[in-house]
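In: can't give you the sequence, but here's the structure:
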Ligand code: FES
């Protein structure tokens, strides 16, 4: 069975209001534009209990802190290995 890599965005109220509300649609569009929807399982999650380090995004096993929607495209290109 083919396993998709997981992308999890924190949708707890702190992260959501501090940037993840925007980041959610940025990621969705990024996956669509790069035809990556089949390769990644993108979904939301409850609070990661790291609110003070938020907004939180998890890609595979790696947790990204203080994710800024304005820098998210670059982060995705690097972390998803897109050129
Ligand atoms: S709301 Fe995201 S870590 Fe708490």
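Out: Yes, it's here. Fair warning: this is a prediction, and the values are worked out from it, not measured in the lab.
In: how distant is stretch 4-12 from the center of its chain?
Out: 6 Å (CA atoms, centre = their mean, to the nearest Å).
In: is the ligand contacted by stretch 9-17?
Out: Yes - with CB under 6 Å from any ligand atom as the criterion, the ligand is reached by stretch 9-17 at 10, 12, 14-15. From N, CA and C alone the C-beta is placed, and that goes for glycine too.
In: which of those residues fall within helices?
Out: Judged by DSSP state H, the residues of stretch 9-17 next to the ligand include 14-15 as members of helices.
In: can you list the residues of stretch 9-17 next to the ligand in CSV and add pLDDT and neighbour count?
Out: CSV is the format used below for those (pLDDT from 0 to 100; neighbours: other CB atoms under 10 Å):
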residue, pLDDT, neighbour count
10, 98, 26
12, 98, 19
14, 98, 16
15, 98, 25
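In: going by distance to the ligand, which of the residues of stretch 9-17 next to the ligand wins?
Out: Nearest to the ligand among the residues of stretch 9-17 next to the ligand is residue 12, at 2.4 Å by CB to the nearest ligand atom.
In: what about stretch 17-25, start to end distance?
Out: 14 Å (CA to CA, to the nearest Å).
In: now swap in stretch 65-74 and tell me
Out: End-to-end distance (CA to CA), stretch 65-74: 15 Å.
In: what comes up buried for it?
Out: For stretch 65-74, the neighbour count (16 or more other CB atoms under 10 Å) marks 67, 69, 72 as buried.
In: can I get those in a markdown table including secondary structure, distance to residue 45 and pLDDT?
Out: Shown next, in a markdown table, are the buried residues of stretch 65-74 (DSSP: H, G, I helix; E, B strand; the rest coil; distance: CB to CB, whole Å; pLDDT from 0 to 100):
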| residue | secondary structure | distance to residue 45 | pLDDT |
| --- | --- | --- | --- |
| 67 | coil | 14 | 98 |
| 69 | helix | 18 | 96 |
| 72 | helix | 17 | 96 |
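In: thinking again about what came up before, out of the residues of stretch 9-17 next to the ligand, the closest to residue 57 would be?
Out: Nearest to residue 57 among the residues of stretch 9-17 next to the ligand, counting by CB to CB, is residue 10 at 7.1 Å.
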